[in-house]
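Novice: Have a look; sequence and predicted model below, questions after that.
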Amino acid sequence: MDAGLAGQGVVVTGASGGIGAACARAFAAEGARVVAHYHRGEERAQALARELGGVPVAQADLTVEADVERLFAEARDALGAVDVCAAVAGVYPEEDVAVRDLDLARFQRTIAQNLTATFLTARAFLRGLEGRESGALVLVGSTAGRFGEAGHADYAAAKSAIQVGLLLSLKNEAARLGPRVRVNAVAPGWTVSPMTRGLLEPDDVRRITRTMPLRKVAQPEDVAAQVVVLASERLSGHVTGELVTVAGGMEGRLLHAD
């Protein structure tokens, strides 16, 4: 189905790999004009740009206010207008650390890399929609923000804030900017990506899918497809403030014995 995104200007953050790269590919396949953001993965971002026919890339540290403002200024220069933003970028701490042992520096870093980065991205995008009729922002949360995650309370707290408090506030504010400006979110579960490298061996998959009717791990394209649907006014024009969980039906309880 044609999502009606042809010619739309799209910024995808965290596009140098995983879900972000899949989103950039999915938007480009719909005929959208994409700016692919990266922080440190320049080589991967440039490779993606070549794959997609030379889409612009832009570097920014999304925890730095000036960097985010520059990113969107560069995107507007490249695209003319930014109609859609997929705020994908985030960081999952590798080490499991219980709250009783979690140091303040890691907690603050995780909040900055996920919640603060998403806030600054959303703010910069929405500032560019003043007086526009329409626009779409898609936030990326996590099932950790729905069910919690022992050893990663910092990450779960950040993602919960994104997909509940921030999302539900922004969807009300966005409509004041323009009558068809929408904000939605996706909450991926376990997904094959650089963020989960080394965490999805066969034994791990068997263990983590015990809470899922669909006993498989998502591919980045599974998440990207939902991002595109939510970004599309044609497909989701009367949908705002909604969270779509892309996690094989994950629940907070065991569904399988082994």
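Specialist: Structure received. Residues are numbered from 1 along each chain as shown.

Novice: Where does pLDDT dip in the protein?
Specialist: Low-confidence regions of the chain, defined by pLDDT under 70, span residues 195-200, 253-254.

Novice: Quick check: the gap between Thr110 and Asp101.
Specialist: From Thr110 over to Asp101 the distance is 14 Å, taken as C-beta to C-beta, to the nearest Å. Using the backbone N, CA and C atoms, a C-beta is placed for each residue, glycine as well.

Novice: These two: which is more packed in?
Specialist: Between Thr110 and Asp101, Thr110 has the larger neighbour count (other C-beta atoms under 10 Å), namely 24 against 9.

Novice: Regarding that one, what is its secondary structure?
Specialist: State at Thr110, reduced to three classes by DSSP: H, G, I helix; E, B strand; the rest coil: helix.

Novice: Name the nearest residue to it, ignoring sequence neighbours.
Specialist: Asp154 (3.9 Å; C-beta to C-beta, 6 or more residues apart in numbering).

Novice: Cross-check the contact I'm expecting between the one you found and Arg106.
Specialist: Yes - counting by C-beta atoms under 8 Å, Arg106 is a contact partner of Asp154 at 6.4 Å.

Novice: Find residues that contact each of these two.
Specialist: By C-beta atoms under 8 Å, 6 or more residues apart in numbering, Asp154 and Arg106 have these common neighbours: Pro93.

Novice: who's more crowded, these two?
Specialist: It is Asp154, of Asp154 and Arg106, that has more neighbours when counted by other C-beta under 10 Å, with 23 against 14.

Novice: In this protein, what residue spans correspond to helices?
Specialist: 18-29, 42-51, 65-79, 104-111, 117-127, 144-147, 153-160, 167-177, 202-208, 220-231, 233-236 (DSSP state H).

Novice: right, and those - which one's nearest Ala58?
Specialist: Checking those against Ala58 by C-beta to C-beta gives helix 65-79 as the closest, at 5.0 Å.

Novice: in the closest one, what's buried?
Specialist: Across helix 65-79, burial judged by 16 or more other C-beta atoms under 10 Å covers Asp67, Val68, Leu71, Phe72, Glu74, Ala75, Ala78, Leu79.

Novice: measure the last one to Ala73 for me?
Specialist: Translated: Leu79. Distance from Leu79 to Ala73, by C-beta to C-beta: 11 Å.

Novice: Ala257 versus the most centrally placed residue in the chain, what's the distance?
Specialist: With distances taken as C-alpha atoms, centre = their mean, Val88 lies nearest the centre of the chain, 2.4 Å away. Taking C-beta to C-beta as the measure, Val88 falls 35 Å from Ala257.

Novice: Measure how buried the closest residue to Ser16 other than its chain neighbours is and give me the count.
Specialist: Spatially, and ignoring its direct neighbours in sequence, Ser16 is nearest to Gly41 (3.1 Å; C-beta to C-beta, 6+ apart). The tally of other residues near Gly41 (other C-beta under 10 Å) stands at 20.

Novice: and the closest residue to Val205 other than its chain neighbours, how many neighbours?
Specialist: Once flanking residues are discounted, Val205 sits nearest to Val217: 5.7 Å by C-beta to C-beta, 6+ apart. For Val217, the count of nearby residues is 21 (other C-beta under 10 Å).

Novice: swap in the one 4 residues further on?
Specialist: Under the neighbour criterion other C-beta under 10 Å, Glu221 is assigned a count of 15.

Novice: That one reaches Cys23, doesn't it?
Specialist: No - between Glu221 and Cys23 there is no contact, the gap being 9.3 Å when judged by C-beta under 8 Å.

Novice: what sits against Val34?
Specialist: Val10, Val11, Val12, Ala15, Ala24, Phe27, Ala28, Leu52, Val55, Pro56.

Novice: now the second one: how far from Leu71?
Specialist: So the one you mean is Val11. Where Leu71 is concerned, Val11 sits at a distance of 7 Å (C-beta to C-beta).
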